[in-house]
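Engineer: Here is my input, please return the structure:
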Amino acid sequence: MKAALSILRLLFTIPFLATIASGQLSTSSIAGVVLDASGAAVGDARVSAMSEATGISYEGRTASAGAYTISYVSPGFYTLTISKQGFRSFRSTHNILTVGAPLIVDATLAVGPASEAIQVESSYERLNTTSANVSDLTTPKQIVNLPLNGRNPLTLLTLEPGVTQQSINAAGSDTHVFGSRDRSFNITIDSIDANDAAVPDPQNNIQRINPDNVQEYRSVTLNPTAELGRNSGANVMITTKAGGNGFHGALFYFLRNTAFNANEWFRNYEGLARPILHMNQYGFQIDGPIVKNKTFFSGSFQKNLVSQTVPIAQAFGIPILYSPTLLKTGVFRYLRGSVNVGGRGVSGNSPLLVDSKGDLKSGVPNCGTVVSTNCVDSYDIFANDPLGIGADLRFLACSTPCLRRTVTLWGMA
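Structural biologist: Numbers count the residues shown, from 1 in each chain. You can find the predicted model right below:
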């Protein structure tokens, strides 16, 4: 057991040291005002906030006006102790600190020996009195218990007020906040920027999080404060699990399969088979102490194995048969943008683009290094087969009517 624990400590110490710098960034803060029984400010009082999960304490002192602020504090449950010579100590337990929302704990000290303490138990989340932003916290219970398509916790953003989804086949990530662009999000993980530089899509940030490594996250959708006001859309602050004095872990395996799915009514009506979907997601999560009350680790692994059919029409438009290369070599030609053919505007695959032999009509450009839009582009279906199976000989030997039937079976016509 000791040997196994030593190996575990070694494996997680290096990545932990690599993330110490990120831990220095603030995810929330604790603040308040300390007064005496007469309402006068109590300055130079000692304030200690101890994490109930890790035993780590954050220290501070009140200013002359009795106010205090403790920054750079990770979310969790905290016990606050406020003391000063000549006053009874004030102790408040089970205070809930959440990401992106300062915790306000005010205290009144009574005259008496410091060895005597007044203890208050807090079991609720206090109202936010420090800002007027509109935000919501997605808790660990919600992340674990609510249904998630693909095990992505950020899909719960669509349940927030003011967040709308575009219709199927709409451009972009389909997620808008109070009318902002779908690329106007700002995602941070443990206060570190986690945005795609080109397309800050909220559901597909550059780090693939899952319900097992996320502690909680807050989404600010309106009136962000200065430190959050980077983009006009939602600002999403994610905090990951950091470990504690107790060992916790989980093994998981999630399966989705075509055999479990019912066919759509319209596909049944047209005699089409169910779309193929084989999704296997498995992994583990473990966290705990390396040195009790000092150093902790948290690790997570998830493997996604996905095999599914996507109609070619969804990516390139309806494949009306006009390209002989599609039948023989798997090279599919499709219109990118729009062109003018004989005085008629064409914005999708159409027989108007080709002659009776399937060759492009004069004036219809091919996409290349010079022309990249409003032209006909090509996609090699066989060469881009992710399984590397290659062409189906029965398909290649098929005649034009057979190709049309195959297209129908694929749900592309």
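Engineer: got any ranges where the protein has weak pLDDT?
Structural biologist: Scanning the chain for pLDDT under 70 picks out 1-26, 122-129, 167-173, 199-202, 204-206, 229, 310-328, 390-413.
Engineer: let's see 50
Structural biologist: 1, 3-25, 318-322, 394-413 (pLDDT under 50).
Engineer: Please measure how far the first residue of stretch 208-224 sits from its last one.
Structural biologist: Using C-alpha to C-alpha, to the nearest Å, the end-to-end distance of stretch 208-224 comes to 25 Å.
Engineer: Show the backbone phi and psi for the most centrally placed residue in the chain.
Structural biologist: The structure's the chain has its C-alpha centroid closest to residue 154; by C-alpha atoms, centre = their mean the separation is 3.9 Å. The phi and psi values for residue 154, taken as degrees, to the nearest 10, are phi -70, psi -10.
Engineer: What sits closest to it if chain neighbours are left out?
Structural biologist: Leaving aside its chain neighbours, residue 154 sits nearest to residue 203 (5.1 Å; criterion: C-beta to C-beta, 6 or more residues apart in numbering). No exception for glycine: its C-beta is placed from N, CA and C like everyone else's.
Engineer: tell me the SS of the one you found?
Structural biologist: Of the three states, residue 203 takes coil under DSSP: H, G, I helix; E, B strand; the rest coil.
Engineer: just to revisit the earlier point, what's the separation between the residue nearest to the centre of the chain and residue 260?
Structural biologist: The spacing between residue 154 and residue 260, counted by C-beta to C-beta, to the nearest Å, is 25 Å.
Engineer: partners of the host helix or strand of residue 290, with directions?
Structural biologist: Under the criterion of DSSP states H and E, residue 290 resides in strand 277-291. Strand 277-291 sits in its sheet next to strand 248-257 (antiparallel), strand 295-308 (antiparallel), going by DSSP bridges.
Engineer: which of the ones you listed sits most buried?
Structural biologist: strand 295-308 (a mean of 15; mean count of other C-beta atoms under 10 Å).
Engineer: Show which residues not belonging to that strand make contact with it.
Structural biologist: Strand 295-308 has contacts (C-beta atoms under 8 Å, 6 or more residues apart in numbering) with 8-9, 11-13, 15-16, 54, 151, 208, 210, 212-213, 240-245, 275-290.
Engineer: ok so, going back, I'd like to know which of the strands paired with strand 277-291 is closest to residue 118.
Structural biologist: Checking the strands paired with strand 277-291 against residue 118 by C-beta to C-beta gives strand 295-308 as the closest, at 31.4 Å.
Engineer: Turn the strands paired with strand 277-291 into a markdown table, columns for distance to residue 88.
Structural biologist: Converted to a markdown table, the strands paired with strand 277-291 look like this (distance: least, C-beta to C-beta, whole Å):
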| stretch | distance to residue 88 |
| --- | --- |
| strand 248-257 | 37 |
| strand 295-308 | 33 |
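Engineer: Go through those strands and name the closest to residue 186.
Structural biologist: Among these, the nearest to residue 186 by C-beta to C-beta is strand 295-308 (23.4 Å).
Engineer: and that closest one, C-alpha only, in CSV?
Structural biologist: Only the C-alpha atoms of strand 295-308 are listed here, as CSV (Å, rounded to 0.1, in the frame of the first residue of the first chain):
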residue,chain,number,x,y,z
THR,A,295,-0.4,19.5,-1.2
PHE,A,296,-3.1,17.8,-3.2
PHE,A,297,-3.7,16.2,-6.6
SER,A,298,-6.6,15.7,-8.9
GLY,A,299,-6.4,13.7,-12.2
SER,A,300,-9.0,12.8,-14.8
PHE,A,301,-8.9,10.7,-18.0
GLN,A,302,-11.7,10.2,-20.6
LYS,A,303,-11.5,8.3,-23.9
ASN,A,304,-14.1,9.0,-26.7
LEU,A,305,-14.6,6.4,-29.4
VAL,A,306,-17.2,7.6,-31.8
SER,A,307,-18.4,6.1,-35.1
GLN,A,308,-21.4,7.6,-36.9
